[in-house]
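got a structure for you, letters missing:
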Ligand SMILES: NCCCC[C@H](NC(=O)CCCN)C(=O)O
């Protein structure tokens, strides 16, 4: 069968399941669950994939992770990624119900043609919890779950179609100031104000922003600002996210921020403790593999998806994802696809849009484009040589 026929057959498989896929997505959207607690989403996704004939490891390394496999060893191993965690307070404001749906639909499409290829193909649909916080993919990477994968793909809903969205490396900084409680209207001089230290720290970072390189970002909150207006706060805590293009740039940004943190302690006479969380919550920048992205773009265009031509939008670099870490261990792509809305992700309006029937064709188109991209590589396995060379070069230049 020609690649074009395989693509048509795989797309038809998605279309045939459209109604069931919408129900699946709705089930996740109506029951938003936070990082590592996505039990219901995990259940419906694994049930669905098992019904579709996948061999499912239901609790793959993590309670709410899964692996659904079809095909055979001995040839290419394609991995399609699902996310399904929600945000506190606003539910699926990042549209992860659609990411899960696209992942499952792509899996169905590739499975439909898996016996038609000239060589064996293994397909894994990987369920990865906790993208919004916690970094589920990083636990799976540490456990070697991507070791035999040739390439990984997922697609993320957004306000624009941006095939090569660049996202930033991110690290969390936690800061605690310790002072001395006292009455703020009597012996004030006996107090050491930890809230003043927190406010100064926050202000120092705001001032630093003017001197930061483009695309360096620092933003955060005062988590604990004291206990009572009539007690000089003796302990405060802050939490910041620092983001930059690469791990090296992130290290440079860390040094500047440490200056802001320590000087606030000196100015107020407080003690300070701080730590950068070098754990699974630390995400790498996203590397979009050029060959995979080019194939994806061509396939998406055939399906009528126009990638955003506005350079002020496509040139933007922002946000972070643990898919970034995946693209540092295997070649991958993470296109952003537009829903018919102006709403920003992480807003209530985006939540609403991610649950509409109107958004369905946009999600299904992405699944078709991802499956077509995989079919292109499987039908021209020599492309894997280029993909691997690019991957090594991207890592070396990172
Ligand atoms: N440890 C912090 C993770 C923050 C991730 C968060 N992700 C998103 O907004 C989703 C967009 C891409 N998946 C972020 O703030 O970038």
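Alright, I've got the coordinates. Not measured: the values here are computed from a predicted model. Numbering: from 1, shown residues only.

How many residues are close by residue 172?
Other residues near residue 172 come to 18 when the count uses other CB atoms under 10 Å. Using the backbone N, CA and C atoms, a C-beta is placed for each residue, glycine as well.

again with residue 58
18.

got it, and the one 10 residues further on?
Counted with other CB under 10 Å, the neighbours of residue 68 add up to 28.

Likewise for residue 303?
Neighbour tally, residue 303, other CB under 10 Å: 15.

The one 5 residues further on too?
Here the count is done by other CB under 10 Å, and residue 308 has 18 residues near it.

The one 5 residues further on now?
Using other CB under 10 Å, residue 313 has 13 neighbouring residues.

ok so it is a helix residue?
Yes: the assignment for residue 313 by DSSP: H, G, I helix; E, B strand; the rest coil puts it in a helix.

Name all residues that make contact with the closest residue to residue 182 other than its chain neighbours.
Once flanking residues are discounted, residue 182 sits nearest to residue 191: 3.0 Å by CB to CB, 6 or more residues apart in numbering. Listed by CB atoms under 8 Å, 6 or more residues apart in numbering, the contact set of residue 191 reads 179, 180, 181, 182, 183, 184, 232, 234.

now swap in residue 386 and tell me
residue 291.

Pull the distance from the host helix or strand of residue 293 to the chain's centre.
Taking DSSP states H and E as the criterion, residue 293 maps to helix 290-302. The chain centroid and the centroid of helix 290-302 are separated by 20 Å, computed with CA atoms, centre = their mean, to the nearest Å.

contacting residues around that helix?
Contacts with helix 290-302, where a contact means CB under 8 Å, 6+ apart, come from 7, 151, 153, 161, 163-164, 307, 331-333, 335, 337, 365-366, 368-370, 372-373, 376-377, 383, 386-387, 390.

That one - what's its average pLDDT?
Throughout helix 290-302, pLDDT has a mean value of 96.

Please spell out which residues along that helix are buried.
For helix 290-302, burial by neighbour count (16 or more other CB atoms under 10 Å) applies to 290, 291, 292, 293, 294, 295, 296, 297, 299, 300.

In TSV, list those residues along with distance to the ligand.
Shown next, in TSV, are the buried residues of helix 290-302 (distance: CB to the nearest ligand atom, whole Å):
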residue	distance to the ligand
290	20
291	22
292	18
293	16
294	22
295	22
296	17
297	19
299	22
300	18
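
how about the residues of the stretch 251-398 of the chain that lie near the ligand?
281, 283, 319, 320, 321 (CB under 6 Å from any ligand atom).

Which two among the residues you listed are spaced furthest apart?
281 and 319 (14.8 Å; CB to CB).

more neighbours, these two?
residue 319 (21 against 17).

mind listing what the closest residue to that one other than its chain neighbours touches?
Excluding the flanking residues, the one nearest residue 319 by CB to CB, 6+ apart is residue 167, at 4.8 Å. For residue 167, the contacting residues are 285, 286, 317, 318, 319, 320, 321, 324, 334, by CB under 8 Å, 6+ apart.

Which of these are buried? Put it as a PyMOL command.
Buried members of the contacts of residue 167, defined by 16+ other CB under 10 Å, are picked up in PyMOL with:
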select buried, resi 285+286+317+319+320+321+324+334
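
Just the ones in helices from the contacts of residue 167, please.
Applying DSSP state H to the contacts of residue 167, the entries found in helices are residue 324.

out of the contacts of residue 167, who's nearest residue 50?
residue 334 (26.4 Å).

and for the lengthiest helix in the chain, what are the contacting residues?
Using DSSP H to define each element, the chain has its longest helix at helix 247-268. With contacts defined as CB under 8 Å, 6+ apart, helix 247-268 is touched by 169-171, 173, 175, 177, 179, 192-194, 196-198, 200-201, 204-205, 207-208, 211-213, 216, 218, 240, 242-244, 270-272, 274, 276, 284-285, 398.

let's see it at 6 Å
Contacts of helix 247-268 with the rest of the structure, by CB atoms under 6 Å, 6 or more residues apart in numbering, involve 169, 175, 196-197, 200-201, 204-205, 208, 216, 242, 244, 272, 274.

Pull out the buried members of the contacts of residue 191.
So, by 16+ other CB under 10 Å, the buried ones in the contacts of residue 191 are 179, 180, 181, 182, 232, 234.

Not counting sequence-adjacent ones, nearest residue to the second one?
In this case it means residue 180. residue 192 (4.1 Å).

Spit out the contact partners of the one you found.
Contacts of residue 192 (CB under 6 Å, 6+ apart): 179, 180, 269, 270.

The last one: neighbour count?
Under the neighbour criterion other CB under 10 Å, residue 270 is assigned a count of 26.

Next, give phi and psi for it.
Main-chain dihedrals, residue 270, degrees, to the nearest 10: phi -90, psi 160.

correct me, but it touches residue 198?
No: assessed by CB atoms under 6 Å, residue 270 is found out of contact with residue 198, at 8.9 Å.

Name the residues contacting each of those two.
With CB under 6 Å, 6+ apart as the test, residue 270 and residue 198 both reach residue 177.

Which residues of the stretch 51-200 of the chain lie near the ligand?
94, 131, 132, 133, 156, 170, 172.

5 Å instead, please
Residues of the stretch 51-200 of the chain found near the ligand (CB under 5 Å from any ligand atom): none.

So which residues of the stretch 51-200 of the chain form strands?
With strands called from DSSP state E, counting those that start in this stretch, the stretch 51-200 of the chain shows them at 55-57, 66-71, 76-82, 121-127, 151-153, 156-158, 169-178.

Put together JSON lines for the ones you listed, with mean pLDDT on each row.
Listed next are the strands of the stretch 51-200 of the chain as JSON lines, based on pLDDT from 0 to 100:
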{"stretch": "strand 55-57", "mean pLDDT": "98"}
{"stretch": "strand 66-71", "mean pLDDT": "98"}
{"stretch": "strand 76-82", "mean pLDDT": "98"}
{"stretch": "strand 121-127", "mean pLDDT": "98"}
{"stretch": "strand 151-153", "mean pLDDT": "98"}
{"stretch": "strand 156-158", "mean pLDDT": "97"}
{"stretch": "strand 169-178", "mean pLDDT": "98"}
